[in-house]
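Sequence and predicted structure below; questions after.
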Amino acid sequence: MHAFFGGLTGLLVCSIPLFWIFMHYKYRNRKPTGFTEDESRQLQELLDIADSMADRIKTLESILDAESPDWRDQHGKE
């Protein structure tokens, strides 16, 4: 079980900065200026991926909450 939380921690550590960057640009300015049409399309695809990742993280956390309600406390003590 410890290896599972270690892997989950690694996944979160890698994905949270990426998620923050995408969300920053998503909400900073809804209408990108100075981007080409292709760049705007690519940015929208990345934002969609970030939204999907956020949903997956919420799902994983809800599963962990259901199966091991004190997982957050255990992780903080390591």
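Cool, the structure landed. Numbers count the residues shown, from 1 in each chain.

tell me the pLDDT at Asn29?
On pLDDT, Asn29 comes in at 66.

now swap in the one 10 residues further on and tell me
Glu39 is assigned 91 on the pLDDT scale.

Please report the distance of it from Pro69.
From Glu39 over to Pro69 the distance is 44 Å, taken as Cβ to Cβ, to the nearest Å. Placement of C-beta: from N, CA and C, glycine included.

right, and the secondary structure at Phe35 would be what?
coil (DSSP: H, G, I helix; E, B strand; the rest coil).

Spell out which residues sit in contact with it, please.
Phe35 makes contacts with Leu43, as judged by Cβ atoms under 8 Å, 6 or more residues apart in numbering.

And the pLDDT at it?
Per-residue pLDDT puts Phe35 at 82.

so what's the backbone phi/psi at it?
Main-chain torsions, Phe35, degrees, to the nearest 10: phi -100, psi 150.

What ranges does the chain have for its strands?
Counting by DSSP state E, the chain has no strands to list.

how many other residues sit next to Ser62?
10 (other Cβ atoms under 10 Å).

That one and Gln42: what is the separation?
Note on Ser62: its distance to Gln42, by Cβ to Cβ, is 31 Å.
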